[in-house]
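Chemist: Need coordinates for the below:
(12 chains)
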Number of protein chains: 12
Amino acid sequence: MELLIINGPNLNMLGKRNPEVYGDQDFDSFFKELSEELDEMKLEAFQSNHEGEIVEKLQLSKADGIILNAGGFTHTSVAIADAIEAIEAPVIEVHISNPAAREPFRHTSLIAPHVEGSIAGFGLESYWIAIVAFQGIIDEA
Amino acid sequence: MELLIINGPNLNMLGKRNPEVYGDQDFDSFFKELSEELDEMKLEAFQSNHEGEIVEKLQLSKADGIILNAGGFTHTSVAIADAIEAIEAPVIEVHISNPAAREPFRHTSLIAPHVEGSIAGFGLESYWIAIVAFQGIIDEA
Amino acid sequence: MELLIINGPNLNMLGKRNPEVYGDQDFDSFFKELSEELDEMKLEAFQSNHEGEIVEKLQLSKADGIILNAGGFTHTSVAIADAIEAIEAPVIEVHISNPAAREPFRHTSLIAPHVEGSIAGFGLESYWIAIVAFQGIIDEA
Amino acid sequence: MELLIINGPNLNMLGKRNPEVYGDQDFDSFFKELSEELDEMKLEAFQSNHEGEIVEKLQLSKADGIILNAGGFTHTSVAIADAIEAIEAPVIEVHISNPAAREPFRHTSLIAPHVEGSIAGFGLESYWIAIVAFQGIIDEA
Amino acid sequence: MELLIINGPNLNMLGKRNPEVYGDQDFDSFFKELSEELDEMKLEAFQSNHEGEIVEKLQLSKADGIILNAGGFTHTSVAIADAIEAIEAPVIEVHISNPAAREPFRHTSLIAPHVEGSIAGFGLESYWIAIVAFQGIIDEA
Amino acid sequence: MELLIINGPNLNMLGKRNPEVYGDQDFDSFFKELSEELDEMKLEAFQSNHEGEIVEKLQLSKADGIILNAGGFTHTSVAIADAIEAIEAPVIEVHISNPAAREPFRHTSLIAPHVEGSIAGFGLESYWIAIVAFQGIIDEA
Amino acid sequence: MELLIINGPNLNMLGKRNPEVYGDQDFDSFFKELSEELDEMKLEAFQSNHEGEIVEKLQLSKADGIILNAGGFTHTSVAIADAIEAIEAPVIEVHISNPAAREPFRHTSLIAPHVEGSIAGFGLESYWIAIVAFQGIIDEA
Amino acid sequence: MELLIINGPNLNMLGKRNPEVYGDQDFDSFFKELSEELDEMKLEAFQSNHEGEIVEKLQLSKADGIILNAGGFTHTSVAIADAIEAIEAPVIEVHISNPAAREPFRHTSLIAPHVEGSIAGFGLESYWIAIVAFQGIIDEA
Amino acid sequence: MELLIINGPNLNMLGKRNPEVYGDQDFDSFFKELSEELDEMKLEAFQSNHEGEIVEKLQLSKADGIILNAGGFTHTSVAIADAIEAIEAPVIEVHISNPAAREPFRHTSLIAPHVEGSIAGFGLESYWIAIVAFQGIIDEA
Amino acid sequence: MELLIINGPNLNMLGKRNPEVYGDQDFDSFFKELSEELDEMKLEAFQSNHEGEIVEKLQLSKADGIILNAGGFTHTSVAIADAIEAIEAPVIEVHISNPAAREPFRHTSLIAPHVEGSIAGFGLESYWIAIVAFQGIIDEA
Amino acid sequence: MELLIINGPNLNMLGKRNPEVYGDQDFDSFFKELSEELDEMKLEAFQSNHEGEIVEKLQLSKADGIILNAGGFTHTSVAIADAIEAIEAPVIEVHISNPAAREPFRHTSLIAPHVEGSIAGFGLESYWIAIVAFQGIIDEA
Amino acid sequence: MELLIINGPNLNMLGKRNPEVYGDQDFDSFFKELSEELDEMKLEAFQSNHEGEIVEKLQLSKADGIILNAGGFTHTSVAIADAIEAIEAPVIEVHISNPAAREPFRHTSLIAPHVEGSIAGFGLESYWIAIVAFQGIIDEA
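Modeler: Below you'll find the predicted structure:
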């Protein structure tokens, strides 16, 4: 099973930005741990602050499943929502924090109607939970 | 680790109601499988169509964590939201279907701002994923 | 033909509450007259002020058709709307008064999208008209 | 008892337009059956695609009661609503389909606040039910 | 003079839930003090997490006045609002905290249009002030 | 000076419809009095319940000024608003009652942005005041 | 007949402010002409940029009728609206320009529901038309 | 190929009304040019200021395609939208000006969801472009 | 204990304005009775129809507590709300009538988020209840 | 005549994405056909999933006209709308599907107020129709 | 160059009110420093809690430029906005705090559309920056 | 002191785009003048039409302060707002024109809640004023 993790804008700042909201671990060290633990699985991580690059990564991915934390684009990007709808691979939406407990504009996800499922609020564990969820989805298929 | 699963209104109809949305397995048989698989854990399941009973189950529970699928009350119950805020045990919100892909009134969760995290759209697997999530949360604590 | 009439909150106050809106006959005496007049039909009447009891009465009913006056729950209960959607028996929504001529919050029915049809504004006659309507529906089926 | 049925725009297309929504019987054949069945009653049917003609039919009618299916004018015509308010004959609003289960703009009826009562969702039977309802209203008066 | 205090959902958690918002005294000990101080008056206290039980307590009460803290139901229950309208005893709405200073959904009370008066923001003293208010009302009558 | 008075839907019911709102004089007798009193002026009155006829009367009129009481079309007719904008003769909007003191949908006039001025709330005197206003406008021009 | 004209904020700038909207005559010279022309009538003019002074002028006036151009307070002052409701003298609302053809916030008048009638869009003639209207009202009374 | 052009209210004023918005050519001379240029095609033009006549023209037309400029009815007529849905001939919506660049109420078309396609903003050329579009549609069918 | 009562616009009309809403006693006679009854307390009453004077009275007051009935300013004055926030003395908001049962614009209080507590609907008794409330607050402090 | 076609995000997926909405031809093969058919014209096609690249293509283009299908950016990009306004070349907005018949967020185009005209709903033919439209525009200029 | 600084309601409380929002310096001492530093310039400072006084100060000022911190009136005063529009002197809007980071009702400025420019969020420095800005404006003129 | 100026989309068109709104000087020549005048300061200017590049420039900047004119992204980019929140350097928002005097969608800034302060409406002088403001901020720190 190959999984692709796509991280949107400012997620390269993890560990540096608002540690009380997002925790103090950076994504790369977390991803390294994750990859070692799940060595029977092929994991790729991709981060971009560019909406267009995320659209294209979604279009071109050959992964069996995609874990997408679209960051601020969650609330503003019809283009990413359309890309999810246009591809066949299942996408799971993840969030580190709980958007429902933050500013009102974070309560609406343009992406959510097109994903397989959503996972939010578990810190970096959200990614790990999404991988577990994919194991279920792919076992079933 | 003791976990309590609370199911809200009409979830006793699982397997009978809208199988194209909710699947065709009933909750009891699913729960039996789950309990057998996770025998090192103490799992309790509770279903009620009564808002007040859910409020009270939340208030009285001694579990280490609560998995709550509040069904239709998700969108209408300030009382359940207040109960979650009033107790100490962490609560994870789960949904079998993906509310963001359904009617607009299902896009707002009164409960979400008070939970630890949310998991939606994975069918009955959503409960299993929530248990996995709780393992992470409780390990960390 | 068996029909079940479900009355929601405060309909046990009929004849006592706002007679200028709801008339001055109580439901029991009306129901007695109705049952005598329609003696070839099996009629049951059920009233509850509890949302959960109405959900469960809907789930468990074996009637050929259900006449539902959900009272105040008409405008607030996703749980009852979901229960109607979850069962097979056809449901007709009735109202004694004309909600469209009252406060704005009474202009929206969460239940209406899931019912067979709606009848409103004819006083207690609304129930009798609904029975007539069911005769048409069941004849046709 | 004399009753007038007024049908608004596009109801002359019944049986031809969207049969999955409106059924496949045209109004004239239905009305013929209805008139034969209810031969002790004087029934008149009037259809117009012109808002002004409906306003005037309402103003000039000498019927004991009026059954109005205003079609698309239900949601847009203050003039028809004002005409109902201006006359003395009681008016019952009917709909063949269930507007609450269709597009949002069909959820608001400008006419509803001024009618005796409303009946919706029973196909062409809605007219027959309205006649039954008028029998009750006129018996009472 | 007999007065009935009705407390809605989660008010049985007083003293335990959010002490910074609701204070740290539980209702029972407060009520005991109150009853002793006002021994010439007959006071009854009733708490329920069930909307339907509150509706019924309102319907059946024989008290001269009712003090209602509907908790979360304040913002969601048409059924309780209708029950207040249906009975004759005057009702005073009380709140321990000041809802206008909290989340926006707490700024709207469905109950307020039907009560004699409202008192909010004085902690548990709100109940005592309501009793004082009832003395004025009943003296006047 | 030639003036044209255009009356919209249901204004042919004046004196019969809601006398507590619109008074009990019919328009024809009022118009006769008006014409006699203002015999040096050429006055024409036109009433229609048809939006299209009002559009066309506006387009074809040769009057120096037009007094328009569009009735219910005031709040719904872009076509009449466009017709006013398309012609050169000045138009004054009049209302017998005070729409701002009635239902909310009467608080918006689609016509108002295109008229010379508006006069509302003076009963049938509103027409007479509009004629006075036109005398001012035309004197000035 | 004694009439009082009350002008609100910035109307002392007439003739200086936005002449393309309000014309280039100042109010004092217009009022002088008006008073000379209508010498059988007692006219008083009062201008204030202070909401409180307008409230008090309304409360204390002994005039038979009041012509009020509340300027910017039209859209923001509940206090002036309440004062109109509190007094017995009839009030006519006037506007020099046509608020419906200007910014959206000028389309709502808090004052309009409480006045006898409204006159807008006729330049300074609006005042003269209002006096004519008062003659009708007072003749009738 | 037979095509029918339907023009709604005030389009008989073309060339006279707001030339800076709609240009200075009248429709008849434009239509004459168009017909001569496209002499292998059967073109009919119909204009009405009456909503009901447009509904009926749509219902009765035998054309292969209909080009509809509904003018002001675009934003207010459910009846015309329903008529388009009720017939089989494809309809193309055209506008001379660009409604998106005008008043907000012109930004919503009730008709658009039911048409084959929309063309706006090209002056009278919009009609000619629609004919070209129909050639493509009909070639394809 | 020194308390200051501030009354906003039109409260000088008490007893004269809408007696069915506000009762028929004027404030001065009520205040005299109140002062005599509570002679151990220093009470001051201040009324103004000027927003600025109320702002300044709040800023300059040396009282231990302030009872504020801001009248129409309740719904429109950010300046008064800011003044309450800027001072240290606790403020209680009172209303004679029940604003929640009146026009929609009276359902929002700009002041409420900044006060100690609110009391509404008890007629002139609302002031007396507020004094009682202050005794509780000050005893506690 | 040189024309530039700009396609926004996901239009590189044409023929692959939602064929029931967008058809099954890819853009490149369509463009090849188009170019061959219109060999007297210079056509360029540009696709980008990057908002910034579309902004810059618009800024730098030397074409006589631009045909823009902004895809998902239609509803979210002020930057593209501003770029259209900033350049001199006329822009025609095209859509393959009919956005008015899809999700509500597709009913608003930020771009529409700044374009020459709009063409929507004709499948890939929309581009060809836009070229025809440009021939008209450029002939006229 | 003569500049006038106008401060609105509660700005006389600077240094005393919410020091964490507005800082702890009072305006007078700040103004004294400012005047000394800019001794080649004529600076006047005016504060009022009265909307009408600010309107009049604006109307009567002879300054070359006006710096206006309207405080709470920023969000509620059409009268002040109209006064700015009525005068010729350029006005710069300043705010000590950043209104966009505070309550939603502070996000809308009625004044902003009529000013030369806006400066917000720099504490008392905002005034000094505004003076600098005026130097630029006046140099240019 | 090092300052970075970031200009968003279409600001490379300054001097060419809408000169009546943005003036006729291009940014480069203005920046050259500015740099020469402020030679004791290190100024860098960066322009991009790509949201992602602006996010990254913010993340990577080592400047003591950042002046950001986000152009059209001001109203649509959560990603840029999040980047501002994620970094430590203070950011000042500038606008050349006064957005509050333009289209409604320009009245909301997603960026404003996270900046130090805002400056709008002074043409290219806005940048120079922002530099002055930074001198104050940095002096103070």
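Chemist: can you pull out the strands in chain A?
Modeler: In chain A, the strands defined using DSSP state E lie at A:2-7, A:42-47, A:65-69, A:91-95, A:117-120.
Chemist: for these, which one sits closest to L:Gln135?
Modeler: Each of these was scored for nearness to L:Gln135 using C-beta to C-beta, and the closest is strand A:42-47 (36.4 Å). The C-beta positions use only the backbone N, C-alpha and C, and glycine is treated the same way.
Chemist: Briefly note if that closest one comes near chain J.
Modeler: No: using C-beta under 8 Å from any C-beta of the partner chain, we find that strand A:42-47 stays clear of chain J, coming within 14.8 Å at best.
Chemist: and the angle for that strand with strand A:65-69?
Modeler: Angle of strand A:42-47 versus strand A:65-69, following axes from the mean of the first three to the mean of the last three C-alpha atoms, to 10 degrees, is 30 degrees.
Chemist: Which strands or helices does strand A:42-47 pack on?
Modeler: With contacts defined as 3 or more C-beta pairs under 8 Å, 6 or more residues apart in numbering or on different chains; DSSP states H and E, strand A:42-47 has these neighbours: strand A:2-7, helix A:27-37.
Chemist: which of the residues in the helix or strand of chain A with the lowest mean pLDDT are buried?
Modeler: Here the helix or strand of chain A ranked lowest by mean pLDDT, DSSP states H and E is helix A:19-22, holding a mean of 76. With burial defined by 16 or more other C-beta atoms under 10 Å in any protein chain shown, the residues of helix A:19-22 counted as buried are A:Tyr22.
Chemist: same question, stretch A:24-44
Modeler: Quick answer for stretch A:24-44 (16+ other C-beta under 10 Å): A:Phe27, A:Phe30, A:Phe31, A:Leu34, A:Leu38, A:Leu43, A:Glu44.
Chemist: Could you confirm whether the least confident helix or strand of chain A reaches chain B?
Modeler: No: using C-beta under 8 Å from any C-beta, helix A:19-22 stays clear of chain B, coming no nearer than 13.8 Å.
Chemist: ok, back up a step: dump the helices and strands packed on strand A:42-47 to a markdown table, plus mean pLDDT and distance to chain B.
Modeler: Listed next are the helices and strands packed on strand A:42-47 as a markdown table, based on pLDDT from 0 to 100; distance: least, C-beta to the nearest C-beta, whole Å:
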| stretch | mean pLDDT | distance to chain B |
| --- | --- | --- |
| strand A:2-7 | 97 | 15 |
| helix A:27-37 | 94 | 12 |
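Chemist: Of all these, which one is nearest chain I?
Modeler: Nearest of the helices and strands packed on strand A:42-47 to chain I, taken as C-beta to the nearest C-beta: strand A:2-7 at 38.7 Å.
Chemist: how about that closest one, does it reach chain J?
Modeler: No: legend: contact between strand A:2-7 and chain J by C-beta under 8 Å from any C-beta is lacking; minimum distance shown is 13.9 Å.
Chemist: what's that strand in contact with?
Modeler: Residues from elsewhere that reach strand A:2-7 (C-beta atoms under 8 Å, 6 or more residues apart in numbering or on different chains): A:27, A:31, A:41-48, A:54, A:57-58, A:61-71, A:127, A:131, A:134.
Chemist: Neighbouring strands - and their directions - for that strand?
Modeler: Sheet pairing of strand A:2-7 (DSSP bridges) gives strand A:42-47 (parallel), strand A:65-69 (parallel).
Chemist: can you list contacts of the last one?
Modeler: Just to be clear, that refers to strand A:65-69. Residues outside strand A:65-69 that contact it (C-beta under 8 Å, 6+ apart) are A:1, A:3-8, A:11, A:54, A:58, A:80, A:84, A:89-96, A:111, A:115, A:126-127, A:130-131, A:134, A:137-138.
Chemist: one step back: is it possible to get CSV of the helices and strands packed on strand A:42-47 that adds distance to E:Gly15?
Modeler: Below are the helices and strands packed on strand A:42-47 laid out as CSV (distance: least, C-beta to C-beta, whole Å):
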stretch, distance to E:Gly15
strand A:2-7, 44
helix A:27-37, 41
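Chemist: out of these, nearest to A:His75?
Modeler: Minimum separation from A:His75 across the helices and strands packed on strand A:42-47 (C-beta to C-beta) falls at strand A:2-7, 15.7 Å.
Chemist: and the residue lying closest to A:Gly121 once chain neighbours are set aside, how many residues sit next to it?
Modeler: Excluding the flanking residues, the one nearest A:Gly121 by C-beta to C-beta, 6 or more residues apart in numbering or on different chains is B:Gly117, at 3.0 Å. Residues contacting B:Gly117 under the criterion other C-beta atoms under 10 Å in any protein chain shown number 28.
Chemist: And B:Gly117, how close does it get to A:Ile6?
Modeler: Applying C-beta to C-beta, to the nearest Å, the value for B:Gly117 to A:Ile6 is 20 Å.
Chemist: can you check A:His75 too?
Modeler: Relative to A:Ile6, A:His75 is positioned 16 Å away (C-beta to C-beta).
Chemist: Look at these two and report which has more neighbours.
Modeler: A:Ile6 (25 against 19).
Chemist: Make a PyMOL selection of whichever of the contacts of strand A:65-69 turn out to be buried.
Modeler: Applied in PyMOL, the following selects the buried portion of the contacts of strand A:65-69 according to 16+ other C-beta under 10 Å:
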select buried, chain A and resi 3+4+5+6+7+8+11+54+58+80+84+89+90+91+92+93+94+95+96+111+115+126+127+130+131+134+137
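Chemist: Next, A:Gly8: phi, psi?
Modeler: phi -90, psi -160 (degrees, to the nearest 10).
Chemist: In contact with it: list those residues for me.
Modeler: Counted by C-beta under 8 Å, 6+ apart, A:Gly8 has contacts A:Gln47, A:Ser48, A:Asn49, A:Ile54, A:Leu68, A:Asn69, A:Ala70, A:Gly71, A:Gly72, A:Phe73, A:Thr74, L:Ala79.
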